[in-house]
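[1] Could you work out the structure for the sequence below:
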Amino acid sequence: MASFHRVSISSPVLTRPVSNVGGTIRVINNQLRVEGLEGRVGRKGRIYVKGKLPLRVNEASLRENIELKTDFLEVRAKNIFR
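    Below you'll find the predicted structure:
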């Protein structure tokens, strides 16, 4: 289990860092479970992550997914996937 409180995360694809990140992540039965991870980007931006993913590819299920919600998030991701 990992709990986060008031963490900042920088990324080259984000115009501003994600700040005040808080939430809990657990590893249970070979699954990564995000129980709710929230953060702010600038004055208006928000990001929210929740869900679960398998740690092993052969244990993947259609019921396992990560939900990502954002408000006012500017991303610079041109040509990031090749």
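
[2] Pull out the buried residues from stretch 38-50.
    Neighbour-count burial for stretch 38-50, counted by 16 or more other CB atoms under 10 Å, picks out 38, 39, 40, 41, 45, 46, 47, 49, 50. For every residue, glycine as well, the C-beta is placed using N, CA and C.

[3] Let me know the helix or strand that the closest residue to residue 66 other than its chain neighbours is in.
    The spatially closest residue to residue 66, leaving aside those adjacent along the chain, is residue 51, at 4.0 Å (CB to CB, 6 or more residues apart in numbering). Assigned by DSSP states H and E, residue 51 belongs to strand 45-54.

[4] and after that strand, which helix or strand comes next?
    Downstream of strand 45-54 (by DSSP H and E), the next one is strand 66-71.

[5] Check which helices and strands that next one is in contact with.
    Strand 66-71 sits against strand 45-54, with contacts defined as 3 or more CB pairs under 8 Å, 6 or more residues apart in numbering; DSSP states H and E.

[6] For the strand it packs on, what is the distance to the chain centroid?
    Relative to its chain's centre, strand 45-54 lies at 4 Å (CA atoms, centre = their mean, to the nearest Å).

[7] same thing with stretch 23-31?
    Offset of stretch 23-31 from its chain centre (CA atoms, centre = their mean): 13 Å.

[8] Pull out the buried residues from that stretch.
    23, 25, 31.

[9] For the residue nearest in space to the middle of the chain, which non-adjacent residue is spatially closest?
    Centroid-nearest residue in the chain, with CA atoms, centre = their mean: residue 49, separated by 4.6 Å. Distances taken as CB to CB, 6+ apart place residue 37 nearest to residue 49, at 4.4 Å, with adjacent residues excluded.

[10] Measure how buried the one you found is and give me the count.
    Residue 37: 20 surrounding residues under other CB atoms under 10 Å.

[11] ok, it touching residue 20?
    No. Residue 37 sits out of contact with residue 20 when judged by CB atoms under 8 Å, with a separation of 11.3 Å.

[12] Within the sheet, what are the partner strands of the strand holding residue 51, with directions?
    Here strand 45-54 has these sheet partners by DSSP bridges: strand 31-41 (antiparallel), strand 66-71 (antiparallel).
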